[in-house]
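A.B. asks: model this:
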Amino acid sequence: MFNYNNTITSVDEPIGEYKRRLVYQNTSCAVLKVELWWYVNEEEQKVKEERITTTPDEDGFASRCVSNREGKCLCNSRPHYKVLVNDSATEEDLTDCIEVYNKTRGKIFRSKQVYRRQC
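C.D. replies: Numbering: from 1, shown residues only. Below you'll find the model as predicted:
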């Protein structure tokens, strides 16, 4: 489904949600931010709000969870980025996309375990 801010969300019950957001585009290429949000069983929270569940790592990433469904919450993992390229694009056409991708890539070099006993 299409959401706000150039975002597409795919729901995969009972696993979670896969969100893709357009970070940059031109006629030859695009850079996407991809986030995986996993459903985690928990007791339903009385207050349904977003909360930080881990301490940030050295890059500043901290998993966030949102209680938005009965008996479950949705927690994110570290985002990653993709570059999509037009088949007819030349190397010169891709300069802007490569620059945007390289700026984001430095923030995401480590992956995190996304399965936890609690949210």
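A.B. asks: please count neighbours and contacts with C-alpha atoms only from this point.
C.D. replies: Fine.
A.B. asks: what packs against the helix or strand hosting Y24?
C.D. replies: Assigning secondary structure by DSSP states H and E places Y24 in strand 16-25. Under the contact definition 3 or more CA pairs under 8 Å, 6 or more residues apart in numbering; DSSP states H and E, strand 16-25 sits against strand 7-12, strand 29-41, helix 95-105.
A.B. asks: between strand 29-41 and the first one, find me the angle.
C.D. replies: I take that to be strand 7-12. Strand 7-12 runs at 40 degrees relative to strand 29-41, counting by axes from the mean of the first three to the mean of the last three CA atoms, to 10 degrees.
A.B. asks: tell me which strands strand 7-12 pairs with, and in which orientation.
C.D. replies: Its sheet considered, strand 7-12 pairs with strand 2-3 (antiparallel), strand 16-25 (antiparallel) by DSSP bridges.
A.B. asks: same check on the longest one?
C.D. replies: Strand pairing for strand 29-41, using DSSP bridges, gives strand 16-25 (antiparallel), strand 72-76 (antiparallel), strand 80-85 (antiparallel).
A.B. asks: who touches the first one?
C.D. replies: Applying CA atoms under 8 Å, 6 or more residues apart in numbering, the set of residues contacting strand 16-25 from outside is 5-12, 30-39, 74, 97, 100.
A.B. asks: again, but for the last one
C.D. replies: With contacts defined as CA under 8 Å, 6+ apart, strand 80-85 is touched by 28-35, 94, 97-98, 101, 104-105, 108.
A.B. asks: buried residues in that strand?
C.D. replies: Across strand 80-85, burial judged by 16 or more other CA atoms under 10 Å covers 80-81, 83, 85.
A.B. asks: for the record, mean pLDDT for it?
C.D. replies: The average of the pLDDT scores along strand 80-85 is 87.
A.B. asks: now it against helix 95-105, angle please.
C.D. replies: Using the same axes, to 10 degrees: strand 80-85 against helix 95-105 is 170 degrees.
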